[in-house]
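Q: Structure, please.
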Amino acid sequence: MGDVLRIRRDLVEAMVAHARRDHPDEACGILAGSEGSDRPERFIEMTNAERSMTTYRFDDTEWLMVYRELEAKDEEVVVVYHSHTATEAYPSPSDVLKAGQYATLLPDPHYILISTRDPENDGDVRAFRVRDGVITEEPLDVVDSY
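A: Okay, the predicted model is just below:
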């Protein structure tokens, strides 16, 4: 296990709600925080340009707008999240590849995966770091406030 990711309950609930809403397609988005803080503060829902049950990709135009907004507010991406609609909340080989592609743009984000394969269970939310193709799970410390 890696470092503990401390995250507010309202942010987890927002990610899960987005994942449920977009099901059966994968949902995706980010949690932003102040530069260097490693603390997720703001939920930003993104459009899955793939509109796919098995993969996700941020819409290029939307991503550019969000990236510029983050720079203007002295924020950075703390968490990249997406859902898996038919599998467990664990990075797939394509997720690992995507993390490698993001490495030039994003400092070292946490990756949160939400599985929506079981509509009765919102508990399959897990956090990871993906560095140089190596997946390390992180415990989630879900809190009411920081």
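
Q: List every C-alpha atom in the helix or strand bottoming out on mean pLDDT in the chain, with coordinates, as PDB.
A: The weakest-scoring helix or strand in the chain, judged by mean pLDDT, DSSP states H and E, is helix 93-102 (a mean of 91). As requested, C-alpha coordinates have been extracted for helix 93-102 and formatted as PDB (Å, rounded to 0.1, in the frame of the first residue of the first chain):
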ATOM      1  CA  PRO A  93      -3.600  -2.000 -19.000                       C
ATOM      2  CA  SER A  94      -5.100   0.900 -21.000                       C
ATOM      3  CA  ASP A  95      -5.400   3.000 -17.700                       C
ATOM      4  CA  VAL A  96      -1.700   2.400 -17.100                       C
ATOM      5  CA  LEU A  97      -0.900   3.500 -20.600                       C
ATOM      6  CA  LYS A  98      -3.100   6.600 -20.200                       C
ATOM      7  CA  ALA A  99      -1.300   7.500 -16.900                       C
ATOM      8  CA  GLY A 100       2.000   7.300 -18.800                       C
ATOM      9  CA  GLN A 101       0.600   9.700 -21.400                       C
ATOM     10  CA  TYR A 102      -0.600  12.100 -18.800                       C
END
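
Q: Need the residues that contact it.
A: Residues from elsewhere that reach helix 93-102, judged by C-beta atoms under 8 Å, 6 or more residues apart in numbering: 55, 57, 80, 82, 91, 109, 111, 113, 130, 132-133, 135. From N, CA and C alone the C-beta is placed, and that goes for glycine too.

Q: Neighbour-wise, which one of the residues you listed leads?
A: Within the contacts of helix 93-102, neighbour counts (other C-beta atoms under 10 Å) peak at His82, which reaches 27 neighbours.
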